[in-house]
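Trainee: compute the structure for the input listed below.
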Amino acid sequence: MEAVKAAIPDGSLCYANDPQKRGMGAEHSQWTRTQMQPGTFELVFNATAPHNPSFWQFYITKVGVDVSKPLKWDDLTLIQEYGNIAVGSDKKYRMNVTIPADRSGDAILYTRWQRDDAVGEGFYNCSDITIAGDGPIDPPEPGLPYLEQGAAFIPDHIELSTPKVGESVNYTVFSKDGVEHTRFSLIITQDNATDWDRLLASQVNGYYETNYGGHVFIGRWHAEMNHYMYFRDELHNNFINTKDGEGSGLFSISAPNQYLEAVITPTVLQVIKNASVSYGELVVLTPKDSIGDIDSVTWNQISGLPVETAIGANNELIIKTDSLDNTEQQLSFELTLSGQGEQDSTVYSFTVLPTEIIPGPGPSPEPGNDWDAKAVYTAGDKVNHNGKQWSAQWWTQGEEPGTTGEWGVWR
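Mentor: Got it, this is the predicted structure:
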C-alpha cells in the first residue's frame, strides 16, 4: 500500500496521478451525484478489458471530509474487499457493497481494482454520491405493508382507450410540500396502446427503487405474496404508495408533439454501409423524423478533423468529405433541437474511409511458436494462433489471442 500511495499521492486519487486526466481531481462543489441509500447495493463494473487474477477494495470518505477538495488517502475508510472475482460473459464484474447505516450526506465512493500478477497494474475510480439523510430502510415486518396508500394512479374517468396514438401520458410525483419531484412520460404508439398504464407505472417504480430505495410504488400490497405489485388489467385499482404517506401524484395526458424527442436520420447520397463512407462522398444528416414543436435546429461537429459543411433548406446537414485528407477519419456531429422551453440532442458518428488502401505484407508467423494456454507471456512476446501472429501487451496466461478485444492483452 505504501508503494500505491507513493505512485498516487494525496490530491491525485481521482485521476490516478495521470496528468492528462487531472481535471477529474479538480476542486469543485458541483460534481453530478448519484442518490444512494445506506445498506447493501450491487456494484457493476464494466470491464472492457477484464483482468484476472485481481482484487478489489472499496472506500468511502470519512464523516466531515470536504468532498469538494482534492481527495487524500487519509480521507478514506475501507468498507469492503473482494479477492479474485470472475468476470461475467457480459464482461462485467458484480459485487455487493455496503454503505454504513449511520452515514448521510455527500460522500465519495472510491474503488481500487488491482491486478494480482507480475505487472501489478491498478485502476482507480471516484464515484460522487449523496447518501439519503433518513438512514437505512428498515425491513418491513412480515405480512405488513411498509408504505401508505394514496390516491388512484389512473382517475376513474380515464379508460385504456382514452389517450390516442401520438399523445403522451404523464405522471408527476410531488413531495410532501407539493413541490414537483419527478416527471415521467410515455408517448402512445400502436404497440403500447393497450398496455401504457403498466409501462408508465414501471418507469415510476424502477426509478424510485433504483434511486430512493422504493419509497414510492405504483400498485398495491399483495398480502398473500407479501410484497407490492402492479395489478395488470385493473386500470383503476392501482394506487400511489409512499413512505409515511408524504408523497402524492398526478396523472395527465398531453397533446401530440408537446415534448421534444431528437431523432437523427442519416441519408447518404451514395450508400452508407456499416456507418462508413468513402472519401469524396457527400453525407446528409437530417432531423426530419424528430418529434415535437421545434423552434430551432443546431448542428455542431464534436469530434474529428474540421470538415466543410452546409445547411440545407430543411435544416439538414450536408458534409463534404472531399474537404478532408484522403485518410481514415472518424467524425461525430451533435444535433440539438429547441422548442417551447425544452431542449434535446443526439449524436451521430461515422467513419470516412480512404478511396484506396494498399495493405503491405503482414508479418509471417514464425514456425514453432504457437500459443500455449499454460504458458506465461509478458509484454513483447509473440505467438502464432489461427494463422496470425499476436503480440502480448502485458503479462498474461490463459487468455486466447483473438478473444481479448481491441484493447485486450493480445494485438
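Trainee: so where's this protein shaky on pLDDT?
Mentor: When residues are selected by pLDDT under 70, those of the chain lie in 133-143, 256-275, 288-293, 340-342, 356-368.
Trainee: quick check: domain ranges of it?
Mentor: Domain assignment for the chain by automatic domain parsing gives 2-131, 148-254, 265-353, 366-411.
Trainee: adding mean neighbour count, write these out as CSV.
Mentor: Backbone N, C-alpha and C define where each C-beta goes, glycine included. Putting the domains of the chain into CSV (neighbours: other Cβ atoms under 10 Å) gives the following:
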stretch, mean neighbour count
domain 2-131, 15
domain 148-254, 16
domain 265-353, 15
domain 366-411, 14
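Trainee: give the bridge partners for residue 252, please.
Mentor: Assessed by DSSP bridges, residue 252 has beta-bridge partners residue 170.
Trainee: that one touches residue 170, doesn't it?
Mentor: Yes - between residue 252 and residue 170 a contact is recorded at 4.8 Å, counting by Cβ atoms under 8 Å.
Trainee: which is the next helix or strand following the helix or strand containing residue 204?
Mentor: Following DSSP states H and E, one finds residue 204 within helix 196-212. For helix 196-212, the following helix or strand on the C-terminal side (DSSP H and E) is strand 216-222.
Trainee: excluding its backbone neighbours, what's nearest residue 51?
Mentor: residue 115 (4.9 Å; Cβ to Cβ, 6 or more residues apart in numbering).
Trainee: now do residue 29
Mentor: The spatial neighbour of residue 29 that comes closest, neighbours along the chain excluded (Cβ to Cβ, 6+ apart), is residue 68 at 4.1 Å.
Trainee: same question for residue 120.
Mentor: Nearest one to residue 120, counting by Cβ to Cβ, 6+ apart, is residue 114 at 7.2 Å.
Trainee: got the CA positions of the regular element (helix or strand) spanning that neighbour in PDB?
Mentor: Using DSSP H and E, the element containing residue 114 is strand 105-115. Taking Å, rounded to 0.1, in the frame of the first residue of the first chain, the C-alpha atoms of strand 105-115 are listed here in PDB:
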ATOM      1  CA  GLY A 105     -24.900  13.500   3.100                       C
ATOM      2  CA  ASP A 106     -22.400  13.900   0.300                       C
ATOM      3  CA  ALA A 107     -19.600  11.400   0.000                       C
ATOM      4  CA  ILE A 108     -17.100   9.800  -2.400                       C
ATOM      5  CA  LEU A 109     -17.100   6.100  -3.000                       C
ATOM      6  CA  TYR A 110     -13.600   5.100  -4.000                       C
ATOM      7  CA  THR A 111     -12.900   2.000  -6.000                       C
ATOM      8  CA  ARG A 112      -9.500   0.300  -6.300                       C
ATOM      9  CA  TRP A 113      -9.100  -2.600  -8.800                       C
ATOM     10  CA  GLN A 114      -5.700  -4.200  -8.700                       C
ATOM     11  CA  ARG A 115      -4.100  -6.800 -10.900                       C
END
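Trainee: helices and strands around it, which ones?
Mentor: Packing partners of strand 105-115 (3 or more Cβ pairs under 8 Å, 6 or more residues apart in numbering; DSSP states H and E): strand 39-46, strand 54-61, strand 122-131.
Trainee: enumerate every residue touching the residue nearest to residue 120.
Mentor: 54-57, 120-123 (Cβ atoms under 8 Å, 6 or more residues apart in numbering).
Trainee: now do residue 95
Mentor: 42-43, 45, 56, 80, 82, 85.
Trainee: and the helix or strand containing residue 344, what does it pack against?
Mentor: Secondary structure from DSSP H and E places residue 344 in strand 342-353. Packed against strand 342-353 by the contact rule (3+ Cβ pairs under 8 Å, 6+ apart) you find strand 276-278, strand 329-339.
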